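Asker: sequence unavailable; structure follows:
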DNA sequence: GGAGGGGTGACAACCGGTTGCTGGAAGTTG
DNA sequence: CAACTTCCAGCAACCGGTTGTCACCCCTCC
């Protein structure tokens, strides 16, 4: 039980002035007793602390924020909280922020660049920094935000802005190699939103890898980055010749698997499916999804820690984005190409 | 492009004093031009607005919060963001808050009552209200928080505090009836955390329904409210006689299904499994999960709107919790009891 | 022409902290 | 014992808004 349990809703919360009166010192001494340990006599400080706990004083963060210009809050913008990858990223970021004494303001931008931009501008005066997870904004819009506050972008590479990205090129390459080794020569990439940087990066890496490995690589989409979007894509896929499919994200990949099954195709017997992101649903679906895995919570935490470093005056690293490794988790949704009965 | 695109990081943001100078009026007139439409001459107001946009003025929310004692922020505490039901609740709450011009501070309390209490106390001075989703705190701790700020609790019934709950009794009853009608006479309830109010409510309703319908109803657990927890529970279940199982939540239910399959049992052939919460993973798992469904995003939004009503001075409703309907979605994980070969 | 009154803008206090500066008390040194 | 430091608490200004109060202007009406 704390001394302040009695704090009533109506009664004004005690201020440093109340503490000052109770301790027989001035308000500035109270302020310093908390903020500048060495600046006041230790006995005086002790007396102030005792008085503070006695009357249940807690510093008003709003007043602190006003005079120090530090709100101790970070905005985290996600495009869709219903997508487990954003929930994981957010969780990693939130825990890291909390550990540093920062609060996290979440905003769901509903996959819309305009909403995202407006949200960012609206929230900007209130936060010390902004973490953009999978931003749908233009590079110019991101830079405009970054001019006003420290910004870290997650899942996107962008010059002059601090970035945390997975090694999309290598991860994608591994996925294509995996399909190629299984004998698939005709591959398809199921695209997510055009505004997604990762979508572009994955498609380019896919395309490059197909070319190098002498495979045919087509692209279909864009589709919504959801289960429904993947399901829809499967309809298009069912009529095509590709026996190996790489899908923009896990939610869609699961949709693709289900859609293909619905169309009477066997996965991986008729079509091998590989996705991105290691989330529970990919392990649950039958067959379990072969996927390119990245450490989501760790990425969220890293991005947030980098953001706090910027906020606290670190110079942005000029050596390009922080790249975290991606690895392929082979599971059941991919396998050797079948001898096809024409 | 906005006028404030030029706002630099180093340069101080313009204040009402800058606007006042530019418009040739006093600062208080600027303030009133924005906050009290009728209070200043419309021409003056127009001039002020023009000057404000010209120099890229935006009100400092911290300063506003300090003088009005309204931060326009709400804290939302969730016990585990990795659980999709909290992501959905949070999303509903965040969208509703945003629509009302409020920001949402999220905190993941990691299923721990102490963390939750400390988090609540820490964040309390900063927010106008607190939304507790599936709180693990004691009733007394919740009331202590509610004494300091308006509180709405979601997924928990509690006298003297505003609540939003699903109709657990009816939903659970329907699930038990469903199993009973399929011929299952020996049922088990797989329990979640003891500190969860919904867990208690579901167990009691399960127990009552079994009694009334003359079925045997045992309880196993508690287990972690995760896939892993459900998987673990399945091991205990595999050795038991129950042919119908009701599981605390969807994540666990999916774990139970997988665990039972792992143990060589068929679902629903050998054991029927029914869960709670309608989330994507329950539709994806094979067999698809029969579940008690509640409108998660809508509950989050309702809870947040009720909280804002309290914040804005509404009297707490004395007529008990807001109860939203729950309904059973029969899918593939439940079916008629099999003639068992002993 | 002077009194009464509504509209409107400015002054200044306030919200609750932080911090530069100042001066008095205590301690050190020659 | 005087001069010089060092330590430390208090004063007052400041962060950027909001708002109670008041004075002034102008219009109206007698």
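Answerer: Looks like it arrived, so ask away. Only a predicted model underlies this, so the values are computations on that prediction, with no experimental measurement involved.

Asker: my read: residue A:242 touches residue A:185, true?
Answerer: No: Residue A:242 lies out of contact with residue A:185 (Cβ atoms under 8 Å); the separation is 9.4 Å. (Glycine included, C-beta is placed from N, CA and C.)

Asker: who has more neighbours, the two?
Answerer: residue A:242 (21 against 16; other Cβ atoms under 10 Å in any protein chain shown).

Asker: please tell me how far the more buried one sits from residue A:218.
Answerer: Distance, residue A:242 to residue A:218, using Cβ to Cβ, to the nearest Å: 7 Å.

Asker: what touches both of the two?
Answerer: Shared contacts of residue A:242 and residue A:218 (Cβ atoms under 8 Å, 6 or more residues apart in numbering or on different chains): A:186-188.

Asker: let's verify residue A:300: helix, strand, or coil?
Answerer: Following DSSP: H, G, I helix; E, B strand; the rest coil, residue A:300 is assigned to helix.

Asker: neighbours of it, just the number please.
Answerer: Neighbours of residue A:300 under the rule other Cβ under 10 Å: 29.

Asker: you'd agree it is up against residue A:87?
Answerer: No: taking contacts as Cβ under 8 Å, residue A:300 lies outside contact range of residue A:87: 9.8 Å.

Asker: do stretch A:18-26 and DNA strand C meet?
Answerer: No: Stretch A:18-26 stays clear of DNA strand C (Cβ under 7 Å from any atom of the strand), getting no nearer than 7.6 Å.

Asker: from chain A, which residue is nearest to DNA strand C?
Answerer: residue A:28 (2.8 Å; Cβ to the nearest atom of the strand).

Asker: tell me the buried residues in the strand or helix carrying residue A:94?
Answerer: Taking DSSP states H and E as the criterion, residue A:94 maps to helix A:84-99. By 16 or more other Cβ atoms under 10 Å in any protein chain shown, the buried positions in helix A:84-99 come out as A:84-98.

Asker: next structured bit after it?
Answerer: Sequence-wise, the next helix or strand downstream of helix A:84-99 (DSSP H and E) is strand A:103-108.

Asker: thinking again about what came up before, need the contact list for the residue of chain A closest to DNA strand C.
Answerer: Applying Cβ under 8 Å, 6+ apart to residue A:28 gives no contacts.

Asker: returning to that earlier point: which neighbours do residue A:242 and residue A:185 share?
Answerer: Counting by Cβ under 8 Å, 6+ apart, the residues touching both residue A:242 and residue A:185 are residue A:216.

Asker: what residues does the closest residue to chain B within the stretch 151-300 of chain A make contact with?
Answerer: The stretch 151-300 of chain A approaches chain B most closely through residue A:286 (4.5 Å), counting by Cβ to the nearest Cβ. Residue A:286 is in contact with A:332, B:285-286, counting by Cβ under 8 Å, 6+ apart.

Asker: kindly recompute the last result at 7 Å.
Answerer: residue B:286 (Cβ atoms under 7 Å, 6 or more residues apart in numbering or on different chains).

Asker: and it, what's its pLDDT?
Answerer: You'll see residue A:286 listed with a pLDDT of 90.

Asker: if we can go back for a sec, from the buried residues of helix A:84-99, pick the one nearest residue B:233.
Answerer: The shortest gap between residue B:233 and any of those belongs to residue A:84, at 22.2 Å (Cβ to Cβ).

Asker: near chain B, which residues of the stretch 201-342 of chain A are found?
Answerer: Within the stretch 201-342 of chain A, the positions near chain B by Cβ under 7 Å from any Cβ of the partner chain are A:227, A:254, A:280-281, A:284-286.

Asker: and these, which of them are in helices?
Answerer: Using DSSP state H, the subset of these located in helices is A:227, A:254, A:280-281, A:284.

Asker: make a markdown table out of these and add distance to DNA strand D.
Answerer: A markdown table is the format used below for these (distance: Cβ to the nearest atom of the strand, whole Å):
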| residue | distance to DNA strand D |
| --- | --- |
| A:227 | 44 |
| A:254 | 48 |
| A:280 | 46 |
| A:281 | 46 |
| A:284 | 50 |
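
Asker: of those, which is the most crowded?
Answerer: Going by other Cβ under 10 Å, residue A:254 tops those with 28 neighbours.

Asker: that residue contacts residue A:280, doesn't it?
Answerer: No: Residue A:254 lies out of contact with residue A:280 (Cβ atoms under 7 Å); the separation is 10.7 Å.

Asker: of all pairs in the ones in helices among the residues of the stretch 201-342 of chain A next to chain B, which one is the farthest apart?
Answerer: Across those, no pair lies farther apart than A:227 and A:280, at 13.6 Å, counting by Cβ to Cβ.

Asker: residue ranges in the stretch 51-200 of chain A under the pLDDT threshold?
Answerer: Across the stretch 51-200 of chain A, nothing is flagged by pLDDT under 70.

Asker: what does it put close to DNA strand D?
Answerer: Residues of the stretch 51-200 of chain A that fall close to DNA strand D, judged by Cβ under 7 Å from any atom of the strand: A:66-67, A:69.

Asker: ranges for the strands of the stretch 101-250 of chain A?
Answerer: Taking DSSP state E, counting those that start in this stretch to define them, one finds strands in the stretch 101-250 of chain A at A:103-108, A:129-133, A:151-154, A:162-166, A:186-190, A:216-220, A:244-247.

Asker: can you tell me which of these is packed in deepest?
Answerer: Among the strands of the stretch 101-250 of chain A, ranked by average contacts under mean count of other Cβ atoms under 10 Å in any protein chain shown, first place goes to strand A:244-247 (a mean of 31).

Asker: and that strand, what does it pack against?
Answerer: Contact here means 3 or more Cβ pairs under 7 Å, 6 or more residues apart in numbering or on different chains; DSSP states H and E; on that basis strand A:244-247 packs against helix A:168-181, strand A:186-190, helix A:250-262, strand A:272-276.

Asker: in TSV, list the ones you listed along with distance to residue A:146.
Answerer: Converted to TSV, the helices and strands packed on strand A:244-247 look like this (distance: least, Cβ to Cβ, whole Å):
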stretch	distance to residue A:146
helix A:168-181	22
strand A:186-190	30
helix A:250-262	29
strand A:272-276	26
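
Asker: determine which stretch of the ones you listed is the most buried.
Answerer: strand A:272-276 (a mean of 30).

Asker: for that strand, the distance to its chain's centre please.
Answerer: Relative to the chain's own centre, strand A:272-276 is displaced by 21 Å; criterion: Cα atoms, centre = their mean, to the nearest Å.

Asker: give the pairing partners of it; include direction for each.
Answerer: Using DSSP bridges, strand A:272-276 pairs in its sheet with strand A:244-247 (parallel), strand A:290-293 (parallel).
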